[in-house]
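Asks: When you get a sec, could you give me coordinates for this:
(chains A, B, C and D)
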Protein chains: 2
Amino acid sequence: MKSELQVFQEFILQRGLRRTLERERVLQEIFEIHGHFDVEELYLKLREKGVKVSRASIYRALPLFREAGLIREADFSDGHWHYEHIYGHSRHSHLKCLGCGEMVEFEEPSPQDLEEHWVKRYRYRIVALEVQGYCPACQQGA
Amino acid sequence: MKSELQVFQEFILQRGLRRTLERERVLQEIFEIHGHFDVEELYLKLREKGVKVSRASIYRALPLFREAGLIREADFSDGHWHYEHIYGHSRHSHLKCLGCGEMVEFEEPSPQDLEEHWVKRYRYRIVALEVQGYCPACQQGA
DNA sequence: TTATTATTGAAATCAAGACTCATTAAAGTT
DNA sequence: AACTTTAATGAGTCTTGATTTCAATAATAA
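Replies: Down below sits the predicted model:
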């Protein structure tokens, strides 16, 4: 399996962009983080390690990582985006409570088990599913 | 079936809040709108009709409607929240493309059909599901 | 009717994120 | 290796959705 850096470099090449140390350091940091992260966290973690990357560059890099299929926007629960890396990770989903905002993260072994999980296991009253993925057009581009 | 206004008034009573004309006009307007809406749309529609309600009051009313189970935050696709009324509506879901942001709205007859819909019908590569609903605690409160 | 206090509107404030622009540097060309 | 082109960066500014402030208003209880 290709490393996330390899995937990104191929993406950069294909797009006619340039390789920069800044973006690679940001990407590296993202894949060292377990779970969700936001821009500020990322910025501070990099600073801590003495890596000098501006917030602006992070904001500019994230859409690229997203378009390369490496990360995704996970939620916008508290007024700003939270992300998580998806490359190389097992598919998992979120159950978000519209009342209190609580979010349960879960993995479902098969779509057939979904109903069981939601209703029997979590006792959630389901209002809507947000299914995120790639449409046919974007699968070909990627 | 109770009207949305009745539901809201019961919610208001239960919370020890006060009934105000402003909130009721906003709620009425929301339920006259088909599909999604955002604060600005709502504000302008009310103004058009000569209903004087400030943006601040709208921003303050929406969380109440959400907590009362009348509306939900649908997506944050273009930098601000979009909402939709859920009370009295059939459950429907969204397929959101992480690449281009395209959103397909669909209703699924049963959870068992989900996989079929996603994979065979929409040819989406699924990355994550966002399941929104009410957790057990909030179901009792509501 | 009076007292209490939630709610309102207008304006000020906050913050995430986008934009500006001069500088730097990656990659291609000679 | 020097030169050219132009993408990318960083510091700061700007935008704007949303929250907060505060004096005035009005809904409810006493």
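
Asks: near DNA strand D, which residues of chain A show up?
Replies: For chain A, the residues in contact with DNA strand D (Cβ under 7 Å from any atom of the strand) are A:12, A:17-18, A:20, A:22-23, A:52-54, A:56-57, A:60-61, A:79. The C-beta positions use only the backbone N, C-alpha and C, and glycine is treated the same way.

Asks: Just the buried ones out of the residues you listed, please.
Replies: Among these, those buried by neighbour count (16 or more other Cβ atoms under 10 Å in any protein chain shown) are A:12, A:22-23, A:53, A:57, A:61.

Asks: Now narrow the residues you listed to whatever sits close to DNA strand C.
Replies: Okay, of those, nothing touches DNA strand C (Cβ under 7 Å from any atom of the strand).

Asks: Same list (the residues of chain A next to DNA strand D) but as JSON lines, adding distance to A:H89 and secondary structure.
Replies: Converted to JSON lines, the residues of chain A next to DNA strand D look like this (distance: Cβ to Cβ, whole Å; DSSP: H, G, I helix; E, B strand; the rest coil):
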{"residue": "A:I12", "distance to A:H89": "22", "secondary structure": "helix"}
{"residue": "A:L17", "distance to A:H89": "25", "secondary structure": "coil"}
{"residue": "A:R18", "distance to A:H89": "28", "secondary structure": "coil"}
{"residue": "A:T20", "distance to A:H89": "25", "secondary structure": "coil"}
{"residue": "A:E22", "distance to A:H89": "24", "secondary structure": "helix"}
{"residue": "A:R23", "distance to A:H89": "20", "secondary structure": "helix"}
{"residue": "A:K52", "distance to A:H89": "29", "secondary structure": "coil"}
{"residue": "A:V53", "distance to A:H89": "24", "secondary structure": "coil"}
{"residue": "A:S54", "distance to A:H89": "28", "secondary structure": "coil"}
{"residue": "A:A56", "distance to A:H89": "28", "secondary structure": "helix"}
{"residue": "A:S57", "distance to A:H89": "25", "secondary structure": "helix"}
{"residue": "A:R60", "distance to A:H89": "24", "secondary structure": "helix"}
{"residue": "A:A61", "distance to A:H89": "19", "secondary structure": "helix"}
{"residue": "A:G79", "distance to A:H89": "26", "secondary structure": "coil"}
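
Asks: now those as JSON lines including pLDDT and distance to A:R72?
Replies: Output for those, formatted as JSON lines (pLDDT from 0 to 100; distance: Cβ to Cβ, whole Å):
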{"residue": "A:I12", "pLDDT": "96", "distance to A:R72": "19"}
{"residue": "A:L17", "pLDDT": "96", "distance to A:R72": "20"}
{"residue": "A:R18", "pLDDT": "97", "distance to A:R72": "24"}
{"residue": "A:T20", "pLDDT": "97", "distance to A:R72": "22"}
{"residue": "A:E22", "pLDDT": "97", "distance to A:R72": "21"}
{"residue": "A:R23", "pLDDT": "98", "distance to A:R72": "18"}
{"residue": "A:K52", "pLDDT": "94", "distance to A:R72": "27"}
{"residue": "A:V53", "pLDDT": "97", "distance to A:R72": "21"}
{"residue": "A:S54", "pLDDT": "98", "distance to A:R72": "23"}
{"residue": "A:A56", "pLDDT": "98", "distance to A:R72": "22"}
{"residue": "A:S57", "pLDDT": "98", "distance to A:R72": "20"}
{"residue": "A:R60", "pLDDT": "98", "distance to A:R72": "17"}
{"residue": "A:A61", "pLDDT": "98", "distance to A:R72": "15"}
{"residue": "A:G79", "pLDDT": "92", "distance to A:R72": "19"}
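
Asks: Check which residues of stretch A:87-100 are buried.
Replies: By 16+ other Cβ under 10 Å, the buried positions in stretch A:87-100 come out as A:87, A:93-99.

Asks: repeat for stretch A:128-136
Replies: Buried residues in stretch A:128-136 (16+ other Cβ under 10 Å): A:128-135.

Asks: Of these, which pair is most distant in space?
Replies: The largest distance within the buried residues of stretch A:128-136, taken as Cβ to Cβ, falls between A:A128 and A:Y134 and amounts to 20.2 Å.

Asks: Between which two of the buried ones among the residues of chain A next to DNA strand D is the distance greatest?
Replies: Pairwise distances across those (Cβ to Cβ) peak at 16.5 Å, for the pair A:I12 and A:V53.

Asks: Closest approach to chain B from chain A, which residue is it?
Replies: Chain B sits closest to A:E130 of chain A, with a gap of 2.6 Å, by Cβ to the nearest Cβ.
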